[in-house]
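Participant: sharing a model prediction with you, sequence too.
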Amino acid sequence: TCELVKSAIVADDEAGTVTFNLALPWGPFLATISATWGSILDQEWTVEQGGWDGDCATWQNWYAPGAENSELSPIINGTGPYMLDHWTPGEELVLTAYEGYWRTEETPKWEGGPYGPAALKTVIYSVVDEWGTRFSMMQAGDAEYSTVNPEQEVQIDPLVGEICDAQTGECQPN
């Protein structure tokens with residue numbers, strides 16, 4: 001299994017590309033590899049931190065360890081616009097803007113898109129399981145985003161100030 005997966009991934013350092021040859025079409029592939037639990041990490045860095053070295057004889061030791069058992073969970077490596085400030089599992093994750101973010105005016109995320117350090121200097125992900133508390137945080141302006149189940153939408157809709165198009169970035173008053 002491990003060798004099959006490794007043979008389906010072709011990296012071309014000179015071209016700066018990685019090709020994934022999937023056995024079947026899979027719609028959520030890009031969403032999966034961009035999610036925190038499916039992130040692609042630099043192998044040299046991963047090994048230095050005590051992570052899997054790519055040896056197929058040991059892959060099962062590294063499969064789905066859970067955040068509490070992973071050497072990599074309390075640390076971070078990436079190229080994004082934020083750095084890990086701190087993480088308290090089950091409570092919160094705090095990110096701060098990385099002032100040295102690599103995207104410049106010449107390399108925006110898309111034509112006319114954002115570049116440079118993040119406009120939001122701090123991002124706080126709070127774990128709040130109880131809907132009433134999350135709703136109160138939204139009402140008070142203490143939260144910008146919350147998971148909302150369909151049956152709760154009627155409560156949250158009046159709080160929506162703008163509806164934005166994810167493709168164009170254009171927003172209209174609600």
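Facilitator: Received, thanks.
Participant: which parts of the chain are helices?
Facilitator: Assigned by DSSP state H, the chain shows helices spanning 2-7, 29-34, 43-48, 131-140, 153-156.
Participant: buried residues, the shortest one. List them.
Facilitator: Within helix 153-156, the residues that qualify as buried are residue 156, counting by 16 or more other Cβ atoms under 10 Å. Where you see a C-beta, it was placed from the backbone N, CA and C, and this is true even at glycine.
Participant: dump the residue contacts of the closest residue in space to residue 157 that isn't next to it in sequence.
Facilitator: Sequence neighbours aside, residue 174 is the residue nearest to residue 157 in space, at 7.9 Å (criterion: Cβ to Cβ, 6 or more residues apart in numbering). Shown in contact with residue 174 (Cβ atoms under 8 Å, 6 or more residues apart in numbering): 157, 160-163.
Participant: could you dump the residues you listed to CSV with distance to residue 114?
Facilitator: Formatted as CSV, the contacts of residue 174 follow (distance: Cβ to Cβ, whole Å):
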residue, distance to residue 114
157, 28
160, 23
161, 21
162, 18
163, 20
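Participant: mind picking the two most distant members of the residues you listed?
Facilitator: Across the contacts of residue 174, the longest distance by Cβ to Cβ is 12.6 Å; it joins 157 and 162.
Participant: and the gap between the residue lying farthest from the centre of the chain and residue 70?
Facilitator: In the chain, the residue that sits farthest from the middle, by Cα atoms, centre = their mean, is residue 57; the gap is 29.1 Å. Going from residue 57 to residue 70 by Cβ to Cβ, to the nearest Å gives 20 Å.
Participant: if we can go back for a sec, which of the helices of the chain is buried the deepest?
Facilitator: helix 131-140 (a mean of 14; mean count of other Cβ atoms under 10 Å).
Participant: which strands and helices sit next to that helix?
Facilitator: Secondary-structure packing of helix 131-140 (3 or more Cβ pairs under 8 Å, 6 or more residues apart in numbering; DSSP states H and E): helix 153-156.
Participant: count of neighbours near residue 89?
Facilitator: Neighbour count of residue 89, defined by other Cβ atoms under 10 Å: 11.
Participant: test my guess that residue 95 contacts residue 87.
Facilitator: No: in this structure, residue 95 is not within contact of residue 87 by Cβ atoms under 8 Å, at 9.3 Å.
Participant: who's more crowded, these two?
Facilitator: residue 95 (21 against 17).
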